[in-house]
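1. sharing a model that was predicted from the sequence below.
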Amino acid sequence: MKKSGTIGERLLELKGHSGLSLNEIARRAGYRAASSIQKLFSSDYDPPSLKVSVVDRLKVALVGTGSPPIQAAEIDVLGSASNREPAAAYNPSRVHRLLSRTIEVFATQQAEEKIPDLDGNVISVFEFLRDEGEKYICPPHLRADWIWAFYVSTSNMMPRYDIGELLFYQLRPPPKIGDDIILEIANSSETKTRYLLAKLTNVDADTIVVTQLNPPVTLTFPRMPTVRPMRILRHADFVEPRTHNAT
């Protein structure tokens, strides 16, 4: 495996070569869920080196998988800071500019309790845990203060979105019918807010209707300030539109 690239990129290479899913890697490594290691497999994850305990677990999960089989040395190197390429020189002005346009990344977990919709369907939801400390630079044509990112921790939109996948969403402008969304469901009697990953099907004066894929079901929620749909961004949204000059 190449020594160039971030640790996250190199782990993604190993994951792809192994043919294992993030869930399978987590299970083989002795973790309770994919969410325990999902931040490691992000292209922007780049500490000086991995902890020895993490390296040992990843070796249990990955060594011998793939064709040709992954070797222990390919993972050991990620725990050695001496094998990393020199970091770029620190530039305070550049860092200030980047921090002013960063997108925060949050871990999530499936909530212990399920919630009902207006038709009595009981569904799994998730909750945000904390800022993972990861940052992404927002493209100039988008507003960083309207965009957040999170790791998927529920299976209700599989196979479209896998557990452990990183998604970006925006508060404004509001989503359109047919958009994939994250639905924020707040409860005035609780401190925690729940979230649902789904597709926006319909919005009228009284209700918000969404669909999920796994299992396939249509869900109806009251349209009120505590229930807010927010659009999942696509890869194309991060590409700055070209301006065509008339000739």
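-> Looks like it came in fine. Because the structure is a prediction, the values reported are computed rather than measured. Numbers count the residues shown, from 1 in each chain.
2. following the lowest-mean-pLDDT helix or strand in the chain in sequence, what is the next regular element?
-> Ranking every helix and strand in the chain by mean pLDDT, DSSP states H and E puts helix 92-99 at the bottom, with a mean of 42. Next helix or strand after helix 92-99 toward the C-terminus (DSSP states H and E): strand 102-110.
3. and the helix or strand just after that following strand, how far from the chain's centre?
-> Next along the chain after strand 102-110, taking DSSP H and E as the criterion, comes strand 115-116. Using CA atoms, centre = their mean, to the nearest Å, the mean C-alpha position of strand 115-116 is found 24 Å from that of the whole chain.
4. quick one: mean pLDDT over strand 115-116.
-> Averaging the model's pLDDT scores along strand 115-116 yields 91.
5. that one: what's the following helix or strand?
-> strand 122-123.
6. check which helix or strand covers residue 178.
-> Per DSSP H and E, there is no helix or strand for residue 178.
7. contacts only, for it.
-> 199-200 (CB atoms under 8 Å, 6 or more residues apart in numbering). Using the backbone N, CA and C atoms, a C-beta is placed for each residue, glycine as well.
8. from residue 43, how far out is it?
-> Noted for residue 178: a distance of 29 Å to residue 43, by CB to CB, to the nearest Å.
9. swap in residue 241?
-> Look at residue 241 and residue 43: by CB to CB, they are 24 Å apart.
10. pretty sure residue 183 contacts residue 199?
-> No: using CB atoms under 8 Å, residue 183 is not in contact with residue 199, being 10.1 Å away.
11. residue 149 belongs to a helix?
-> No: assigned with DSSP: H, G, I helix; E, B strand; the rest coil, residue 149 falls outside any helix and is strand.
12. that one: neighbouring residues, count only.
-> 18 (other CB atoms under 10 Å).
13. now do residue 62
-> Counted with other CB under 10 Å, residue 62 comes out at 24.
14. next one, pLDDT for it please.
-> On the pLDDT scale, residue 62 gets 92.
15. check contacts around the residue nearest the centre of the chain.
-> Taking CA atoms, centre = their mean, the centroid of the chain lies closest to residue 166, which sits 2.0 Å from it. Residues near residue 166 by CB under 8 Å, 6+ apart: 38, 42, 105, 149-152.
16. how much space between it and residue 74?
-> For residue 166, the distance to residue 74 - CB to CB - is 24 Å.
17. excluding chain neighbours, what is closest to residue 185?
-> residue 194 (4.6 Å; CB to CB, 6 or more residues apart in numbering).
18. who does the residue nearest to the centre of the chain bridge with?
-> residue 151 (DSSP bridges).
19. measure it to residue 58 for me?
-> Applying CB to CB to residue 166 and residue 58 gives a distance of 19 Å.
20. do residue 18 as well
-> From residue 18 to residue 58 the distance is 10 Å (CB to CB).
21. who has more neighbours out of those two?
-> Using other CB under 10 Å as the criterion, residue 18 and residue 58 rank with residue 58 on top: 26 against 20.
22. just the helices in this structure please.
-> Taking DSSP state H as the criterion, the chain carries its helices at 7-18, 22-29, 52-62, 72-76, 92-99.
23. worst average pLDDT in those helices?
-> The bottom spot among the helices of the chain, by mean pLDDT, belongs to helix 92-99, with a mean of 42.
24. residue contacts, residue 23?
-> 33-34, 163-164.
25. please apply the same query to residue 172.
-> 143, 146.
26. and it, what's its pLDDT?
-> For residue 172, the model assigns a pLDDT of 86.
27. how much space between it and residue 229?
-> Taking CB to CB, one finds residue 172 at 12 Å from residue 229.
28. how's the protein carved up into domains?
-> 7-83, 99-235 (automatic domain parsing).
29. chain center to the shortest one: distance?
-> Here the centre of mass of C-alpha atoms in domain 7-83, compared against the chain's by CA atoms, centre = their mean, lies 17 Å away.
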